[in-house]
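>>> I need the structure of the sequence given here:
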Amino acid sequence: MITKITVAGSVEVVNDRTAGQVREAFESFLALEAAGWKGARGTAVLSNLDHAAFVRRLIGTLADQQNASVALLRVDGRVIAAQVLLYCGTTADTWKIAYDPAFARYSPGALLVDKATEGLFAVPGIESINSCSDGSGFMAQFWAGRRSMADLLINVTPRNSLAFALETARRRAYYRLRALRNQLRSRKWLSRPNSKPGSGMPPASNE
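Numbers count the residues shown, from 1 in each chain. Here you go, the predicted structure:
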């Protein structure tokens, strides 16, 4: 799918699943995310010390169990994109991605996802990859195959409860507002001078 990389230097993709390397690679991810637009908006993991401590423990524990890794895209040894991967049974999940803003014009996130996908399917035992995103995200442009999934909210009490009604209303409002947000984002992107109708991909990789 990707035939040319116009970056001068030695390019490599690494996905080392040994626990120590996973922890080190995750720090690279955190740094990239904080240096990008999420850091500027205060929504990067490192923007909240409590969140950062929790996620570090989470990834470290999963890495010890061989259930997490971080794929890295490097140019001359410099990490320019990082994809956090989680594993459960025969499925790999692409949880979070970050890239170096200095290389945004080359879509390093898209390049990494493409090569990491090839590498994952070459691993014995991996039969599917979950993008952890809906069909409107940029990840859908890489993987045409989709599985229908649904969230269920079930009231297990013998009668209707106020808490259940409030949570139902909250979830409905959340999904409607998210759909509206995605529509507005799509219109904003299509109005950009350098956008390409029909391409389905923004000029630089998304997170």
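>>> what residue ranges in this protein score low on pLDDT?
Of all residues in the chain, those with pLDDT under 70 make up the ranges 1-8, 134-141, 188-207.
>>> mind redoing it with 90?
Along the chain, segments meeting pLDDT under 90 span 1-11, 104-107, 110, 114, 117, 123, 128-161, 175, 178-179, 181-207.
>>> Do a quick rundown of the strands in it.
Here the chain has its strands, by DSSP state E, at 11-14, 68-75, 78-88, 91-99, 128-130.
>>> tell me, what residue is most central in this protein?
residue 96 (3.1 Å; Cα atoms, centre = their mean).
>>> contacting residues for it?
Contact partners of residue 96, counting by Cβ atoms under 8 Å, 6 or more residues apart in numbering, are 29, 33, 83-84, 207. C-beta: built from backbone N, CA, C; applies to glycine.
>>> Just send the residues you listed back as CSV, with neighbour count too.
Formatted as CSV, the contacts of residue 96 follow (neighbours: other Cβ atoms under 10 Å):
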residue, neighbour count
29, 25
33, 23
83, 25
84, 23
207, 15
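>>> For residue 182, see how far away residue 176 is.
11 Å (Cβ to Cβ, to the nearest Å).
>>> The two: which has the busier surroundings?
Neighbour totals were compared for residue 176 and residue 182, and residue 182 leads with 13 against 10 (other Cβ atoms under 10 Å).
>>> So residue 119 is in contact with residue 13, correct?
Yes. With contacts counted by Cβ atoms under 8 Å, residue 119 reaches residue 13, the gap being 6.7 Å.
>>> Between the two, which contacts overlap?
Jointly contacting residue 119 and residue 13 under the rule Cβ under 8 Å, 6+ apart are residue 71.
>>> Which positions in stretch 95-112 come out as buried?
95-101, 103-104, 106-112 (16 or more other Cβ atoms under 10 Å).
>>> circling back to that earlier point, could you dump the contacts of residue 96 to a markdown table with distance to residue 168?
Converted to a markdown table, the contacts of residue 96 look like this (distance: Cβ to Cβ, whole Å):
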| residue | distance to residue 168 |
| --- | --- |
| 29 | 36 |
| 33 | 33 |
| 83 | 35 |
| 84 | 32 |
| 207 | 30 |
